[in-house]
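K.L.:
below: sequence and its predicted model.
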Amino acid sequence: MRKLPHIRWMIVALIFFASILNYIDRQTLSILAPTIQGDLGLSNEDYASVLNWFLVAYTAASLLSGRIVDKLGVRWSLALFVGWWSIANMATGLARSFASLAACRFFLGLGEAGNWTAAPKAVSEWFPAKERGIAIGIYTMGATVGASVAPILIVALASWHSWQAAFIVTGIAGLLWLIPWLWLYRRPEEHPRITEKERLLLANDPARTQKLATGNSGQDWGKWYQLFARREVWLLIFGRMLTDPVWYFFQFWFAKYLYDARGLQQNQLSVTWVVFLAADIGVLGGGWLSGLLIKRQIAPANSRLFTMLGCAALVPAAALIPHVSSVGFVLAVGMIAVLAHMAWLVNLSALVVDVVPQRSLGFIFGIVATGSSLGGLMMNRAVGNLVTHHSYDPAFTAMLVMHPLAWLLLWRLRSRRPETSANPAT
């Protein structure tokens, strides 16, 4: 059988495209919100409730999907998740009321969470520690590319036919993605097309070898219910809970902010692509920088945390947005905040992979992602109330403190001694 060089990069490329679809599908509603609200008669608080039904399902699926990934493996679990959310997205185009729209977004959330629990386990299986940051950055960039492309693509599809067509066309794209994924993905130990060079690269990585040995020997963090007693798990949960609301805000509310507070029309909202372009730079730059520190013999966990410190200093710039005069400045400040947040997120994701034993990685990533969803739920409820009764300003002000506070908590995960392992908790 013909060998394929660099299979690991082909795999991360497919996950990158899955992440693009993941974010296009979730962004479609927010981009078309003014039209859909008018068509279905939804208030701002109704819109916030629809978003929260998505996040309720996303929260529950974060826990469940991690267990599915650990049981079924990456190949079949990710195929299940992408197929599920693609069908749910197509069904959204058939929604005719608040209830049906909320139900469709609920089912979308059940599927979409799994992308972010399967992807890091694929990275842990296929990448040595020094490449994990950039690999996670690549597939995370799929989210930001999806968010960048979505305003242009979705507005074009809605203008060409209808808002319903935007949901159906993007859902079909997800079903087509399943074909190359099921053909390509296997674990390295089972893959018939892996080259000897790539096999030796993975076999000679001490961090990956120790994580595999730990996971397979059973000398890990205990049974699944015992994981909730781990200090590391709770620090990671609160790290996501405090900071991911910033990303959710820019996904779900920033276009509406420009429409409501800055006077842009719906056909002008495609300008938000520049903010998500900055996010692309953030995920690649953040992964590259922490990888560079690892190559300079800084422990993996510390490399992530030093990079995250710089990010925590930049995200608070978002608090300036209500106080700048022009839309151009609003977009520029938003670009800085989103770039820094996504560099933060890719390193926080890599930190989970560094710290957590192999056997429990999918489930713990799901637990940590639950913190993200809970933070998003609270943010949506608060912003929906603020927009109805006050303004967007307090939401931006809150961004002054969220990342610095989270960094102070996560600093406790630093490695206190030189190590050869990417698992400082062992």
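P.N.:
Received the coordinates, thanks.
K.L.:
what sits closest to residue 375 if chain neighbours are left out?
P.N.:
Distance criterion CB to CB, 6 or more residues apart in numbering; nearest residue to residue 375, sequence neighbours excluded, is residue 241 at 4.1 Å. (Each C-beta comes from the backbone N, C-alpha and C, glycine too.)
K.L.:
report pLDDT for that neighbour.
P.N.:
Model confidence at residue 241, given as pLDDT, is 93.
K.L.:
secondary structure element holding it?
P.N.:
Here residue 241, judged by DSSP states H and E, is contained in helix 231-252.
K.L.:
packing partners of the very next helix or strand once past that helix?
P.N.:
Downstream of helix 231-252, the next assigned helix or strand under DSSP H and E is helix 254-261. In terms of contacts (3 or more CB pairs under 8 Å, 6 or more residues apart in numbering; DSSP states H and E), helix 254-261 is packed against helix 7-31, helix 33-40, helix 327-355.
K.L.:
mind putting the ones you listed into JSON lines with mean pLDDT?
P.N.:
Putting the helices and strands packed on helix 254-261 into JSON lines (pLDDT from 0 to 100) gives the following:
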{"stretch": "helix 7-31", "mean pLDDT": "90"}
{"stretch": "helix 33-40", "mean pLDDT": "82"}
{"stretch": "helix 327-355", "mean pLDDT": "90"}
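K.L.:
please identify the most buried of the ones you listed.
P.N.:
Mean neighbours per residue, mean count of other CB atoms under 10 Å, is largest over these for helix 327-355, with a mean of 25.
K.L.:
list the contacts of residue 142.
P.N.:
Counting by CB atoms under 8 Å, 6 or more residues apart in numbering, residue 142 touches 15, 16, 17, 18, 19, 20, 22, 23.
K.L.:
residue 249: which of these is nearest?
P.N.:
Using CB to CB, residue 23 comes nearest to residue 249 of the contacts of residue 142, at 14.7 Å.
K.L.:
now do the contacts for the closest one.
P.N.:
Applying CB under 8 Å, 6+ apart, the residues near residue 23 are 142, 143, 144, 145, 146, 147, 150, 251.
K.L.:
out of the helices and strands packed on helix 254-261, which comes closest to residue 228?
P.N.:
helix 327-355 (15.4 Å).
K.L.:
next helix or strand past the closest one?
P.N.:
Criterion used, DSSP H and E; the element after helix 327-355 is helix 361-389.
K.L.:
which elements pack onto that following helix?
P.N.:
The helices and strands touching helix 361-389, judged by 3+ CB pairs under 8 Å, 6+ apart, are helix 44-72, helix 115-126, helix 231-252, helix 327-355, helix 393-398.
K.L.:
redo these as CSV? Include distance to residue 89.
P.N.:
Listed next are the helices and strands packed on helix 361-389 as CSV, based on distance: least, CB to CB, whole Å:
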stretch, distance to residue 89
helix 44-72, 11
helix 115-126, 13
helix 231-252, 15
helix 327-355, 23
helix 393-398, 27
